[in-house]
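Mind looking at a prediction? Sequence and model below.
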Amino acid sequence: SLGLIKFPYDIFNLDYNKISQLDGWGKQSVENLKKSIKKSEKVSLDKFIFSLGIRHIGQENAKLLSEFLRKKENFFRLKNQNYIQELINIDGMGDTQINSLKIFFNEKVNLDVILNLSKSLNIQNFKEKNSTGKLKDQVFMFTGKLNNISRAEAKSLIENNGGKIVSNVNNKLDYLVIGDKPTNKKVDLAKKK
C-alpha cells in the first residue's frame, strides 16, 4: 500500500505525479482518473448523506433528511444532539435512525471526515422535484413489497414525472399503491377516507 488514500477526502487531494510513476499508469490513465474525480466533486445533498454509510440511513432516509434539512450547513448542525432530536418530525424517520445519527456524530473522526469532504466537494442544497409532468399534483403512497421494481425506483419514477410521495395516509393522498404484505392499518384508513 502506498498510503495515498487513508480517509475518503484524500481522493480529492491525490498526488498525480506519484500515480503517473506507478506501473501501468500512463499519461492518459492519470488524466482519466483526474477527470472522473473532478466530475464526482459535484454531489446532491441526499447522495452525500447516503455516501457516508451511516447505519440505517439508506437512499430513502437520505432523501427524507435532505428534504427536511435543505442545506448542507443544517446537516453539519446535527453534531448538536438537540438538533438531531428535531428529526423525529420527519415522516418515516424513527428512533432507530435518530440513534444511529447520534452515534455517527459522536465520533470525532466522522466529524473530521465530513468537514474535510465538504471543503473538497460541491454539495448541492436540496432542490424541489419536477413540478410538471404526467403526474403533476398527484399524491402517492406505498405499502407492502413491490414485485418487479424496487420501492426507490418506483418513487423515483413518480417524482420524475411531477408526482409527490407521502409516508402517511392523509386527505391529500390520491393513490395508495399496495404491494405484498401491506400494512393493513394504512389500507383500512385509505378506504375510510
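The structure has been received and is ready for your questions.

C-alpha from now on. contacts and neighbour counts both.
Noted.

residues of stretch 144-155 that come out buried?
146, 151, 155 (16 or more other Cα atoms under 10 Å).

can you check stretch 182-193 too?
Residues 186, 190 are the ones in stretch 182-193 that count as buried (16+ other Cα under 10 Å).

what comes into contact with it?
For stretch 182-193, the external contacting residues (Cα atoms under 8 Å, 6 or more residues apart in numbering) are 143-145, 168-171, 176, 178.

Farthest-apart pair in those residues, please.
Spatially, the most separated pair among the contacts of stretch 182-193 is Lys145 and Asn171, at 23.4 Å (Cα to Cα).

can you map out the helices along this structure?
Taking DSSP state H to define them, one finds helices in the chain at 16-20, 27-39, 45-51, 59-69, 72-76, 81-85, 95-106, 108-120, 151-160, 184-192.

I'd like the mean pLDDT over stretch 16-24, please.
For stretch 16-24, mean pLDDT is 92.

So which residues make contact with that stretch?
25-27, 30.

out of those, which is most surrounded?
Counting neighbours by other Cα atoms under 10 Å, the top entry in these is Val30, with 16 neighbours.

Roughly how far does that residue sit from Leu69?
Distance of Val30 to Leu69, given as Cα to Cα, to the nearest Å: 37 Å.

for this protein, which spans come out with low pLDDT?
Within the chain, the segments meeting pLDDT under 70 span 1, 129-131.

From the buried residues of stretch 144-155, pick the one nearest Lys164.
Lys155 (8.5 Å).

thought that closest one was touching Val166?
No: counting by Cα atoms under 8 Å, Lys155 stays clear of Val166, with 10.0 Å between them.
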